[in-house]
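# A predicted structure for the sequence below; I have some questions about it.
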Amino acid sequence: MLKNTVQEYAWGSYTAIAELLGNPYPSVNPQAELWMGAHPKAPSLIEYEGKRLSLAEVIENNPEEILGKAAARKFDNRLPYLFKVLAAAKPLSIQAHPNQEQAEEGFERENRLGIPMVASNRNYKDDSHKPECLCALTQFWGLRGFRSISEILSLTEKICPVELEPELRDLRKHPDSSGLKSFFHALMTMTPERKRNTITQAVCTAQKENDPIFKWILRLYDDYPQDIGVLSPIFLNLICLEPGQAMFLPAGELHAYLDGVGIELMANSDNVLRGGLTPKHIDVPELLRVLDFTAGKPTVILPIKISEYESIYDSSAEEFVLSVISLRPGMSDAQFFPQSAEILLCTQGEAILTAGEQSLSLAKGMSVMVPCAAETYHLKGNATFYKAAVPVL
């Protein structure tokens, strides 16, 4: 059984994570994320040989037993993923994550410059990329990827035709990724006075409209009245995931989570480059360096059934694969053969996990790590689990 850290951030929920864990709610402070894994910032604790140890320590001392030989070799004896429950009651920052090469170069550069790891202007906390997958547990609103240039032009002309006329003119002349990059750079580097005038015009227009795009502009303005990020719904795709739907975010894709509760699975990294809707550090040149300015519609991922009881969310990530396990009364035992360390979180109901001679009762809010050395395990009951695993190597 895992004992996990709850991260308390200002945008978190007072009810969602507390209710999942069976704790009193509303909580005293907003609870934003439940972390399951071996990230050095907040590793899970685990009972191992009669002692309570961090999962990171257990893996370090027993890499092949926990991860398996192939994963231990490929991922340098480290758990390659971080598993979370994310509960957003307020919008998160607009952000993107670097690819592997950018992360390694940025981490080395900031180390060379002597920027402390805890410094507010530190961009790279480790040398890893951070692709991620989010699966909605409730209806989940977000922004992800740049809209088509025709949509950006149409929405900007509608909401801010006067203040942004120079940017609109340039984007019409260069309706491609380079033009989009120049458009975004202009928004991010406005003078304070021009930014204020642009936001004022946009909010005045949005108040007259009924489309969700404009409603989100007003909601973002309520939280960040001086942040140009309030315009992000006109240049980023607004997406609403229904429970069970997911999206995959590769490196370089600008995004923001706005509202809802979801399961998040990502490479084991904490590298974030922010672009707005935050009081935290924003490094515009570095953000522009890592962003992908390809425009287009986002893809919603639906689960693909691979057995009577398990469905996977397909992605291109090498470090992780997310699946959902649905157990029902009368169903035959669900049997699994772990290729590496697997973490299971029960989000509904109760079940019995059996591995060899050991059995464990699991209920809503409980999580467990099954090592590769288990070779096989069974689940039986009436429950829903989300599972983090390493793709077959």
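Structure's in. What do you need? Residues are numbered from 1 along each chain as shown.

# could you dump the biggest helix by length in the chain to CSV, C-alpha only?
Counting residues, the longest helix found in the chain (DSSP state H) is helix 192-206. The C-alpha trace of helix 192-206 is given here as CSV (Å, rounded to 0.1, in the frame of the first residue of the first chain):
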residue,chain,number,x,y,z
PRO,A,192,1.7,47.6,-19.8
GLU,A,193,-0.5,50.3,-21.2
ARG,A,194,-1.2,48.5,-24.4
LYS,A,195,-1.8,45.3,-22.5
ARG,A,196,-4.3,47.0,-20.3
ASN,A,197,-6.2,48.6,-23.2
THR,A,198,-6.3,45.2,-25.1
ILE,A,199,-7.7,43.4,-22.1
THR,A,200,-10.3,46.1,-21.5
GLN,A,201,-11.5,45.9,-25.1
ALA,A,202,-11.6,42.1,-25.0
VAL,A,203,-13.6,41.9,-21.8
CYS,A,204,-16.1,44.6,-22.9
THR,A,205,-16.8,42.6,-26.0
ALA,A,206,-16.9,39.2,-24.2
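
# mind giving me the packing neighbours of that helix?
Applying 3 or more C-beta pairs under 8 Å, 6 or more residues apart in numbering; DSSP states H and E, we find helix 192-206 packed against helix 149-159, helix 212-223. Where you see a C-beta, it was placed from the backbone N, CA and C, and this is true even at glycine.

# for those, which one sits closest to residue 303?
Residue 303 sits nearest to helix 212-223 of all the helices and strands packed on helix 192-206, at 25.4 Å, using C-beta to C-beta.

# how about residues contacting that closest one?
90-91, 141, 155, 159, 199, 202-203, 205-207, 209, 227, 229-234, 238, 240, 258, 277 (C-beta atoms under 8 Å, 6 or more residues apart in numbering).

# drop anything exposed from those.
90-91, 141, 155, 159, 199, 202-203, 206, 227, 229-234, 238, 258, 277 (16 or more other C-beta atoms under 10 Å).

# which residues does residue 301 bridge with?
Under the criterion DSSP bridges, residue 301 forms beta bridges with residue 246.

# pLDDT score for it?
On the pLDDT scale, residue 301 is placed at 97.

# that older thread, so how far is the longest helix of the chain off the chain centroid?
Relative to its parent chain, helix 192-206 has a centroid offset of 30 Å by C-alpha atoms, centre = their mean, to the nearest Å.

# so where's the protein uncertain?
393 (pLDDT under 70).

# mind splitting it into its structural domains?
What automatic domain parsing lists as the domains of the chain is 2-143+241-278, 146-233, 304-310+325-389.

# I'd like the helices and strands packed on helix 192-206 laid out as TSV, including distance to residue 176.
Below are the helices and strands packed on helix 192-206 laid out as TSV (distance: least, C-beta to C-beta, whole Å):
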stretch	distance to residue 176
helix 149-159	7
helix 212-223	23
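
# tell me which of these sits nearest to residue 184.
Closest among the helices and strands packed on helix 192-206, once you apply C-beta to C-beta, is helix 149-159, at 9.7 Å.

# which positions within the closest one qualify as buried?
Of the residues in helix 149-159, those buried (16+ other C-beta under 10 Å) are 149, 151, 152, 153, 155, 156, 158, 159.

# same for the helix or strand that that helix is followed by, what does it pack against?
Sequence order places helix 165-173 as the next helix or strand after helix 149-159, per DSSP states H and E. Secondary-structure packing of helix 165-173 (3+ C-beta pairs under 8 Å, 6+ apart): helix 149-159, helix 177-188.

# and the angle from helix 165-173 to helix 177-188?
Orientation check (axes from the mean of the first three to the mean of the last three C-alpha atoms, to 10 degrees): helix 165-173 against helix 177-188 gives 170 degrees.

# quick one: distance of helix 165-173 to the chain centre.
Centroid separation for helix 165-173 versus its chain: 33 Å, with C-alpha atoms, centre = their mean.

# dump it to CSV, keeping only the CA atoms.
The C-alpha trace of helix 165-173 is given here as CSV (Å, rounded to 0.1, in the frame of the first residue of the first chain):
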residue,chain,number,x,y,z
GLU,A,165,-5.0,45.5,-35.6
PRO,A,166,-1.2,45.6,-36.1
GLU,A,167,-0.9,41.9,-35.0
LEU,A,168,-3.9,40.9,-37.1
ARG,A,169,-2.4,42.6,-40.2
ASP,A,170,0.9,40.8,-39.8
LEU,A,171,-0.8,37.4,-39.2
ARG,A,172,-2.9,37.9,-42.3
LYS,A,173,0.3,38.5,-44.3
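
# list the buried ones in that helix?
Residues of helix 165-173 classed as buried: 167, 168, 171 (neighbour count, 16+ other C-beta under 10 Å).
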